[in-house]
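K.L.:
dropping a prediction and its sequence here:
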Amino acid sequence: MASIAMHRLHKEFGIDADDLILITFAQPRAFKKGLAIEFDNLFSRAFIVNRDGDPVPTVPPITARFSHVGSVRHIDKEGNLHGDPY
């Protein structure tokens, strides 16, 4: 997944976090809480766009303790873009 790849590009290949930009659509939760906090502290230009009713962003379930990363945006049924709902 793109957010995992972004994290690896920075950690394993030394690419500066400020040189990386992430925009994904309907991404599942990819990180456990501690790593999600690290990701959000490292990357200021990571954006996740979710569409109303799309099941992909709901997996794995919150009970599995995975988190979304970046700045999450939400597109409602009318096509309007909203800020981070989380």
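P.N.:
Thanks, I have it. Everything numeric here is computed off the predicted structure, so don't read it as measured data.
K.L.:
switch to C-alpha atoms for all contacts and neighbour counts from now on
P.N.:
Noted.
K.L.:
so for the longest helix anywhere in the chain, what gets flagged as buried?
P.N.:
Taking residue count as the measure and DSSP state H as the definition, the longest helix of the chain comes out as helix 2-13. Neighbour counts over helix 2-13 (16 or more other Cα atoms under 10 Å) mark 3, 6, 7, 10 as buried.
K.L.:
settle this for me: the first one is touching residue 25, isn't it.
P.N.:
Translated: residue 3. No: taking contacts as Cα atoms under 8 Å, residue 3 lies outside contact range of residue 25: 11.3 Å.
K.L.:
sorry, back to before: which one of the buried residues of helix 2-13 is nearest residue 39?
P.N.:
For the buried residues of helix 2-13, the minimum distance to residue 39 (Cα to Cα) is 6.9 Å, reached by residue 7.
K.L.:
next up, the contacts around that closest one.
P.N.:
Applying Cα atoms under 8 Å, 6 or more residues apart in numbering to residue 7 gives the contacts residue 39.
K.L.:
how close does it get to residue 57?
P.N.:
Taking Cα to Cα, to the nearest Å as the measure, residue 7 falls 19 Å from residue 57.
K.L.:
and the residue nearest the centre of the protein?
P.N.:
In the chain, the C-alpha nearest the mean C-alpha coordinate belongs to residue 69, at 3.5 Å (Cα atoms, centre = their mean).
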